[in-house]
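In: 3D model of this:
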Amino acid sequence: MDFIKVYAGFDGTRLPRLMRAAAQHRLPVDGHAPPGMSLARLAALGMRTVEHLDFDTFKECMAGEDSSFDRVIAARFRNSGEAIPAIYAAFAAAVDTPDCHARLRRAAEAGLVLTPTLVATYMSHAEAQRLLGVLPANQRSGCELYLRQFDGVSDAVRARVVEASRRLVGMVVAAGVPLLAGTDAPTFCAAPDESLVLELQMLADGGLPPLSVLQAATSLPARVFDAEDRFGANPLSHHLPEVTNAAFATRDGDE
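Out: Purely as a prediction, here's the structure:
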C-alpha cells in the first residue's frame with residue numbers, strides 16, 4: 001500500500017483518528033474535502049493533497065446549506081430542466097468573496113495542495129465533443145452523459161461552465177495554493193493522455209503562470225509524492241541525464 005485515499009464520509013472526528021493511524025504506519029493520506037472541516041484544517045492535519053475543485057472543496061465558503069450538488073444530480077439524472085453550466089457558474093460567483101479568498105490564503109499557508117481535475121467537471125462542450133470521438137467504446141456512454149448537460153441551451157449558457165472553471169482556478173492561484181495536474185480519468189470525457197494536455201490548458205486559462213503549469217505536471221507532483229529521486233526536482237534542469245524516468249507527449253501541430 002502506497003497511500004490512503006479518503007472520501008467525503010470522513011468527518012471532523014473520524015478523519016483525525018485516521019490521520020494519526022496512517023502516520024503510525026508512515027502512509028500519506030490524500031482525498032476529498034470532508035464536510036465540516038476547513039481546507040486549512042485538512043492541511044494542518046497532514047492531508048497530502050485535496051482532490052477536485054468543486055462544491056465540497058468550497059463548502060466552507062458558503063453561507064448556510066448549499067444545494068448545488070443536489071441540483072446537478074437532479075438535472076443530470078432526473079431531468080429537472082435546470083442548466084448544469086448555470087449551476088456551476090452561480091456557485092463560482094457565490095464563493096468568490098473576500099472571506100473565501102482569506103480562507104484559501106490560510107489554507108495555502110498551512111500547506112494545502114490541490115488537484116483540481118478540471119476536465120472532469122468543467123470541460124467545454126466543444127472539447128467534450130472532440131474527445132468523444134477518440135474515447136474507447138467502454139467510456140463513450142459516460143461522455144455522452146456529460147454532453148447531455150449542453151442539450152437545448154444556448155452557446156452563452158454552455159460557456160458558463162468554462163467561466164466557472166476560470167473563476168475558481170483564479171481564486172486558488174491568487175491565494176497561492178499549489179496546483180497539481182490530474183484528470184480523474186476515465187470520468188466522463190477524460191480521455192487518456194488527451195485529457196492531461198487539456199487539464200494543463202485549463203489551468204493556464206484560469207491564470208496559472210506558464211512555469212507553474214509545467215511544474216503542475218512535473219516537479220511539483222514529484223516533490224509532493226516523494227519521487228524526486230526518480231523524476232527529478234527541476235523539470236528545466238540541464239542535468240537531464242540524472243533523470244531515470246521520463247515520458248513526453250505531443251499533439252498534432254506542436255512544434
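In: C-alpha only now, for contacts and for neighbours.
Out: OK.
In: show me where the stretch 151-255 of the chain has its strands.
Out: Assigned by DSSP state E, counting those that start in this stretch, the stretch 151-255 of the chain shows no strands.
In: for it, give me the ranges with low pLDDT.
Out: Residues of the stretch 151-255 of the chain meeting the criterion pLDDT under 70: 228-255.
In: got a list of what S165 touches?
Out: Residues near S165 by CA atoms under 8 Å, 6 or more residues apart in numbering: A92, L118, Y122, M202, G206.
In: now the residues you listed: which count as buried?
Out: Neighbour counting over the contacts of S165 (16 or more other CA atoms under 10 Å) leaves A92, L118, Y122, M202, G206 as the buried ones.
In: which of the contacts of S165 lies closest to V6?
Out: Checking the contacts of S165 against V6 with CA to CA, the nearest one is L118 at 19.4 Å.
In: test my guess that that closest one contacts E199.
Out: Yes: under the criterion of CA atoms under 8 Å, L118 lies in contact with E199, with a separation of 6.2 Å.
In: now do the shared contacts for the two.
Out: With CA under 8 Å, 6+ apart applied, the overlap between the contact sets of L118 and E199 consists of T183.
In: and the helices in the stretch 1-150 of the chain, which stretches?
Out: Counting by DSSP state H, counting those that start in this stretch, the stretch 1-150 of the chain has helices at residues 14-24, 39-45, 68-77, 84-95, 98-109, 125-132, 140-147.
In: ok, and what's touching the third one?
Out: To tie it back to what came earlier, the one meant is helix 68-77. Residues external to helix 68-77 that are found in contact with it (CA under 8 Å, 6+ apart): F55, S80, G81, E82, A83, I84, I87, Y88, F91, L145, R148, Q149.
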